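Engineer: Sequence and predicted structure, then a few things I'm wondering about:
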Amino acid sequence: MGAGANVNAVFGVMTMVIAVPTGVKVFNWLFTMYGGRVRFTVPVLWSIGFMVTFVIGGMTGVLMAVPPADFQLHNSLFLVAHFHNVIIGGVVFGLLAGFNYWFPKAFGFTLDERWGKRAFWCWFIGFYLAFMPLYVLGLLGMTRRMQHYDNVDWQPWLVLAAVGVAVILAGIVCQVVQLVVSIRDRAQLRDVTGDPWNGRTLEWSTASPPPAWNFALLPRVAERDTYWVRKKLAHAKDGPPTPPREYEPIEMPKNSATGFVTAFFAVVTGFALIWHIWWMAALGVFGAFVTLLVFAFRDREEFEMAADKIAQFDRGHQAEVAP
Amino acid sequence: MNVAVAIHDIQRDALPSASEAGPAPKRIVVAYGFWIFLLSDIVMFSALFAAYAVLVRATAGGPTGAQLFNQVSVAIETTCLLASSYTCGLMSLAVGSRRRAATYFFAVVTFVLGAVFLALEIREFAGMIAIGATPQRSAFLSSFFALVGCHGMHVAGGLIWLAVMMAQVALKGFRANVERRLFCFALFWHALDIIWVALFTVVYLMGALP
């Protein structure tokens, strides 16, 4: 807006071009599910909710690739509804799907299914109640960031959106409760096998949480779904015999606090730059630099994890997995 | 010898396939990671270039590029930076053949050329600010200082990096990780050179058009 016809044309074309790879991604997700047996676990609910919401948000977004339409929709609640549609549907829902899916891998116990489903449905319904009215309001001419309004036509839609906010709040509360309940019941929810979802990818072949060295034996990847094939062969009676597991020491990076310490100094620097406290900014940069120097002058960066330690852990895990 | 024949003579079967070769050597992994960093840096610079290209005529009644830029000074800056890239390449060769004295010598030459570049740029900035052409004066000057200043800060960071690397060569010798870092530094320095070539063209040549 206000940057001239040529710039508007470039931005319009670029916005339209975004729709092409995004469309490919959407078909990619759909065909991943197509022909499979979909179990409605919490991560799958979030994933499907994500796809539906993200596609709606994407379709309202590509409307704004047309500069004349964008002239009308710019700075309106239609735009606000659009980007929340992609940010919440695309980022938040996707993130919560991943959170529920990989939580057992990271922490060794699954998240409570019941509270997870409550959180999903509150979020999902609440989202549509809160943001679909904003599309209508945008088309009715309401702009964003208004300090007050005096148009009675807007009132019912805004009340509806406020109800949606309350439902989303209930979803957030359920999400917190899910975490608290799961931590309380972690003994019952413990992920013994390391493969709670009957997964296809190799991270599920490790223990939950995985040891620092990840794989005791480097997996040999010959197919697309090596772990899946390996599980199928293990079930088959005439499958090939499992080769003896021979362990070797693994080279591991040494632990280091450098990332944390430099991040601390980066926060100090950022804070100081925002508030123009120049001595503090200099101190932050200097602190981060010295931390990096100490890191760079280390004599040993790695250590060797002994083979018998790896063998002990891996044999224990194999014994737990075995039926 | 004919190059095509020489390539044909390479024993192909000696090379293991990607899945049999195991994890890539650390030198490859480090260089790959550093290339990703460089590309992300170039993405940032392209945003700054786009901002400059859009705002170059938005001078708000203030001084234009044609009035501000001193082509002689910029020509010397460019020469210094291009020459420093060449000496940086010579330093990489010296590192490869483990010649310590040559490494120090070319590092010092690279450092001095980079420092001259930086000094000239700071003088240019100071001169502009002295006559009121500050980043706050117009959108053109905001985008100019953001773009050129960002490149200058990269050069300053590169000089500090080079000095630290020479200390590492002196204290630790040509250890594998020191060699990898010198390799990354060379990539960084050449990338800054490429950005400067674009910057010289877009800012100082095209920006000075009447």
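Structural biologist: In hand now; what should we look at? Residues are numbered from 1 along each chain as shown, chains lettered A, B, ... in the order given.
Engineer: what's near enough to touch the residue of chain B at minimum distance from chain A?
Structural biologist: Nearest residue of chain B to chain A, counting by C-beta to the nearest C-beta: B:V54, 6.2 Å away. Every residue, glycine included, has its C-beta placed from N, CA and C. With contacts defined as C-beta atoms under 8 Å, 6 or more residues apart in numbering or on different chains, the neighbours of B:V54 are A:3, A:7, B:143.
Engineer: can you do 10 Å?
Structural biologist: Contacts of B:V54 were listed using C-beta atoms under 10 Å, 6 or more residues apart in numbering or on different chains, and they are A:3-4, A:6-7, A:10, B:139-140, B:143.
Engineer: A strand includes it, no?
Structural biologist: No - using DSSP: H, G, I helix; E, B strand; the rest coil, the assignment for B:V54 is helix, not a strand.
Engineer: ok, it to B:A198 distance?
Structural biologist: When C-beta to C-beta, to the nearest Å is the yardstick, B:V54 and B:A198 sit 16 Å from each other.
Engineer: ok, now B:G33?
Structural biologist: 24 Å.
Engineer: Can you pick out the residue with more neighbours from the two?
Structural biologist: Using other C-beta atoms under 10 Å in any protein chain shown as the criterion, B:G33 and B:A198 rank with B:A198 on top: 14 against 11.
Engineer: mind checking how far A:G36 is from A:W228?
Structural biologist: 12 Å.
Engineer: quick one, which of the two is more surrounded?
Structural biologist: When A:G36 and A:W228 are compared on other C-beta under 10 Å, the one with more neighbours turns out to be A:W228, at 16 against 8.
Engineer: Just to check, that one is in contact with A:W197?
Structural biologist: No - counting by C-beta atoms under 10 Å, no contact exists between A:W228 and A:W197, whose distance comes to 11.9 Å.
Engineer: what sits in contact with each of the two?
Structural biologist: In the contact map built from C-beta under 10 Å, 6+ apart, the residues linked to both A:W228 and A:W197 are A:W204.
Engineer: Setting aside sequence neighbours, what's the nearest residue to B:F145?
Structural biologist: Leaving aside its sequence neighbours, B:F145 sits nearest to B:P135 (C-beta to C-beta, 6 or more residues apart in numbering or on different chains; 4.2 Å).
Engineer: ugh, typo on my part, it should be A:L111
Structural biologist: Using C-beta to C-beta, 6+ apart and skipping the chain neighbours, the partner closest in space to A:L111 is A:S182 (4.7 Å).
Engineer: Equivalent analysis for A:H317, please.
Structural biologist: Once chain neighbours are set aside, the closest to A:H317 by C-beta to C-beta, 6+ apart is A:A207, at 4.4 Å.
Engineer: And the pLDDT for A:P243?
Structural biologist: In the predicted model, A:P243 carries a pLDDT score of 64.
Engineer: repeat for the one 4 residues further on
Structural biologist: Confidence per residue is given as pLDDT, and for A:Y247 that number is 88.
Engineer: Point out the residues in chain B that sit beside chain A.
Structural biologist: Within chain B, the positions near chain A by C-beta under 10 Å from any C-beta of the partner chain are B:19-20, B:22-23, B:50, B:53-55, B:58, B:157, B:160-161, B:164-165, B:167-168, B:171-172, B:175-178, B:181.
Engineer: Show me the shaky parts of the chain.
Structural biologist: Going with chain A. Low-confidence regions of chain A, defined by pLDDT under 70, span residues A:1-2, A:236-243, A:323.
Engineer: Please refer instead to chain B.
Structural biologist: Within chain B, the stretches with pLDDT under 70 are B:1-21.
Engineer: Need the three-state assignment for the most centrally placed residue in chain A.
Structural biologist: Nearest to the centroid of the C-alpha atoms of chain A, with distances taken as C-alpha atoms, centre = their mean, sits A:L95, at 2.7 Å. Under three-state DSSP, the three-state class of A:L95 is helix.
Engineer: how close does it sit to A:F54?
Structural biologist: From A:L95 to A:F54 the distance is 12 Å (C-beta to C-beta).
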